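K.L.:
based on what follows, work out the 3D shape:
(chains A and B)
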Amino acid sequence: AQSVTQLGSHVSVSEGALVLLRCNYSSSVPPYLFWYVQYPNQGLQLLLKYTSAATLVKGINGFEAEFKKSETSFHLTKPSAHMSDAAEYFCAVSYGSGNTGKLIFGQGTTLQVKP
Amino acid sequence: GAGVSQSPSNKVTEKGKDVELRCDPISGHTALYWYRQSLGQGLEFLIYFQGNSAPDKSGLPSDRFSAERTGGSVSTLTIQRTQQEDSAVYLCASSQTSGVYNEQFFGPGTRLTVL
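P.N.:
Below is the predicted model:
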């Protein structure tokens, strides 16, 4: 069965510092991987997705993630944190070809950005 | 509106009562998903509709939960004889069609509190 593990339920960084949110997946078939962001009292918004094209995926708001098959990881990074990046981030995986697109989510990581 | 809408935004009910949660997907989107976000379980897939195909109900936690989608558009999630463990935020998402290549757009959710 597929699963997603996000290391660290809370991450705190200073404004301008590197953001690194970790995600590892468990999958017996090639995965499709996603990062979503949830701002307070809002719905989930797609940041970026990996669907077996380039292993380095660039998303919105300066975020990017690198798919590393050997490490079964899909960590999310941003070179310089902004206060507006404070939110909850979810890594998700979906099944391979022929699937419905239903997502399996990690437990989420709350990002705090300190001034 | 242009996005996925859900109603009500908040619902407080007494244990044992039935509740109905509504989702209006983006016009023209044929795929519709329900997810549940709770403190103990994180974000979980509940049910999926694609066009006129039989829904994928594999994520529904018990037979107290059911959902329908009328006319390929609006969907209603019904929870019968609510229990306190049903308290959660129920999220609806839609996409143009099913599959990983199609971004899921999420609504703001319905926060259900069972007293």
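K.L.:
which neighbouring elements make contact with the worst-scoring helix or strand of chain B on mean pLDDT?
P.N.:
Each helix and strand of chain B was given a mean pLDDT (mean pLDDT, DSSP states H and E); the minimum falls on strand B:42-50 at a mean of 91. The elements that strand B:42-50 packs onto, with contact taken as 3 or more Cβ pairs under 8 Å, 6 or more residues apart in numbering or on different chains; DSSP states H and E, are strand A:104-105, strand B:31-38, strand B:65-69, strand B:75-79. Bear in mind the C-beta positions are built from the backbone N, C-alpha and C, glycine included.
K.L.:
now these as JSON lines including mean neighbour count, distance to A:Phe67 and mean pLDDT?
P.N.:
Supplementary listing: the helices and strands packed on strand B:42-50 in JSON lines, determined by neighbours: other Cβ atoms under 10 Å in any protein chain shown; distance: least, Cβ to Cβ, whole Å; pLDDT from 0 to 100:
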{"stretch": "strand A:104-105", "mean neighbour count": "22", "distance to A:Phe67": "16", "mean pLDDT": "91"}
{"stretch": "strand B:31-38", "mean neighbour count": "23", "distance to A:Phe67": "24", "mean pLDDT": "94"}
{"stretch": "strand B:65-69", "mean neighbour count": "17", "distance to A:Phe67": "33", "mean pLDDT": "95"}
{"stretch": "strand B:75-79", "mean neighbour count": "19", "distance to A:Phe67": "33", "mean pLDDT": "97"}
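K.L.:
what strand or helix carries the residue most central in space within chain A?
P.N.:
Here the mean C-alpha position of chain A is nearest to the C-alpha of A:Trp35 (Cα atoms, centre = their mean), at a distance of 3.3 Å. When secondary structure is defined using DSSP states H and E, the element that contains A:Trp35 is strand A:32-38.
K.L.:
which strands border that strand, and is each parallel or antiparallel?
P.N.:
Strands adjacent to strand A:32-38 in the sheet, as given by DSSP bridges, are strand A:44-50 (antiparallel), strand A:87-94 (antiparallel).
K.L.:
now the ones you listed as a markdown table including mean neighbour count and mean pLDDT?
P.N.:
Supplementary listing: those in a markdown table, determined by neighbours: other Cβ atoms under 10 Å in any protein chain shown; pLDDT from 0 to 100:
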| stretch | mean neighbour count | mean pLDDT |
| --- | --- | --- |
| strand A:44-50 | 20 | 92 |
| strand A:87-94 | 23 | 93 |
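K.L.:
quick one, which of those strands gets closest to B:Glu68.
P.N.:
The minimum distance between B:Glu68 and the strands paired with strand A:32-38 falls on strand A:44-50, with 23.3 Å, by Cβ to Cβ.
K.L.:
much appreciated, bye for now.
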